[in-house]
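# Structural data only, the sequence is not supplied:
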C-alpha cells in the first residue's frame, strides 16, 4: 500500500498570488517547493483510491478507467472542485464515499454524471477496500468532515485533514492502535492565545504537537500548510519533536 501526496498546501497554495514573503519567493523559483491544495491517492494491488479531488491535472494524471473510488473528507470547494469536471466523463460509474452531508457542494448531487454518491462514510463504521480496512474518523471543522484511517498488514495510517484539534473519540481510537503515520492539517504557525486558536478551522503548531503527545504515532506529517506556517518552520522546525515532519507535493509513504 502506497500513499502519494498530490498536494500539501492550503487553498491559497504556494507561491501565494502576489505574495513576496520568503517562502513564496523560494517557491516561485524552485518548483520542488511549490504546493497545490492538499489531497492524495493510494495505490494498492493495481488499484487507485483518491483522497479528495482537487488536483489541477487530475483528469490527465488519472486516465479514464484508472480511478477505482474516491474518498471525500468534506464538501468545501477547495477539496472537491475537480469532481465538477470528472462527472462529465464517459465510462463505468466511480464510487464517491463521503460524509453524510445533505448539502454536498453546489449541484454535484443533482447532476452527478459519472459519479456515484450513494455511499456514506459513517464515523467509526469500518469498511474494506481491496483488502484494506478503512475507518472514517470525525474531525472538527466548519463543515461536516471526516478523516480516514487505513489498516493493512498490521499497520495503520491516518489521513486527517481539515481539523482544529481532534475530537476525544478520534484521539481514543488512534491511541488504541499502533499508528505508523498521522497526516494532518497544520495551517497556522503557533497561535499563543488559546481562545483565538480554538475558534479557527484548522490546526496550528501547538495542536499538532498535542496530537503527537496524545496519540503517539511513529510519524506525523504536516499538510494543508500555509506560507505563514512554512516561514515559521524554516526558522523553528528544529524545535519540534523529531516525530513531526513537513510533507511535500509528490511525497510517497509506503506501508
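Happy to help now that I have it. The shown structure was predicted, so the numbers you read here are calculated from the model rather than taken from an experiment.

# Who are the contact partners of the nearest residue to residue 166 once chain neighbours are set aside?
By the measure of C-beta to C-beta, 6 or more residues apart in numbering, the closest residue to residue 166 outside its immediate chain neighbours is residue 211, 6.1 Å from it. In short, each C-beta sits where N, CA and C put it, glycine included. By C-beta atoms under 8 Å, 6 or more residues apart in numbering, residue 211 lies in contact with 165, 166, 171, 182, 184, 203, 220.

# Out of those, the closest to residue 155 would be?
residue 182 (12.7 Å; C-beta to C-beta).

# Quick check: beta-bridge partners of that closest one?
Beta bridges link residue 182 to residue 158, residue 220 when assigned by DSSP bridges.

# distance of it from residue 193?
25 Å (C-beta to C-beta, to the nearest Å).

# quick one: contacts for the residue nearest the centre of the chain?
Here the mean C-alpha position of the chain is nearest to the C-alpha of residue 161 (C-alpha atoms, centre = their mean), at a distance of 4.2 Å. Listed by C-beta under 8 Å, 6+ apart, the contact set of residue 161 reads 38, 73, 139, 147, 183, 184, 185, 223, 224.

# between residue 182 and residue 193, which one's more packed in?
Set residue 182 next to residue 193 and count neighbours by other C-beta atoms under 10 Å: residue 182 wins out with 26 against 8.

# Highest neighbour count among the contacts of residue 211?
Going by other C-beta under 10 Å, residue 203 tops those with 30 neighbours.

# what about the nearest residue to it once chain neighbours are set aside, how many residues close to it?
Take residue 203 and drop its neighbours on the chain: the residue closest to it by C-beta to C-beta, 6+ apart is residue 185, 4.7 Å away. Neighbours of residue 185 under the rule other C-beta under 10 Å: 27.

# Ok, residue 206 next?
When neighbours are counted by other C-beta under 10 Å, residue 206 registers 16.

# tell me the secondary structure for it?
helix (DSSP: H, G, I helix; E, B strand; the rest coil).

# thought it was touching residue 191?
Yes: assessed by C-beta atoms under 8 Å, residue 206 is found in contact with residue 191 at 6.9 Å.

# and for these two, which residues touch both?
residue 197.

# ok, how many other residues are close to the nearest residue to residue 165 once chain neighbours are set aside?
Leaving aside its sequence neighbours, residue 165 sits nearest to residue 207 (C-beta to C-beta, 6+ apart; 5.1 Å). As a burial measure, residue 207 scores 24 neighbours (other C-beta under 10 Å).

# Please determine how far residue 207 is located from residue 160.
Counting by C-beta to C-beta, the gap from residue 207 to residue 160 is 11 Å.

# ok, now how distant is residue 132 from residue 44?
6 Å.

# hey, what's in contact with both of the two?
Common neighbours of residue 132 and residue 44 (C-beta under 8 Å, 6+ apart) are 1, 152.

# what are the phi and psi values for residue 172?
phi -60, psi -40 (degrees, to the nearest 10).

# same thing with the one 3 residues further on?
Backbone geometry at residue 175, expressed as degrees, to the nearest 10, gives phi -70, psi -30.

# mind listing the strands for the stretch 101-250 of the chain?
Using DSSP state E, counting those that start in this stretch, the strands of the stretch 101-250 of the chain run over 115-120, 127-129, 132-138, 146-152, 155-160, 181-185, 219-223, 244-246.

# hey, which of these is tucked in deepest?
Mean neighbour count, computed with mean count of other C-beta atoms under 10 Å, is highest for strand 181-185 among those, reaching a mean of 25.

# Now tell me what touches that strand from outside.
3, 38, 40, 147, 157-163, 174, 202-203, 208, 211-212, 215, 217-224, 247, 253.
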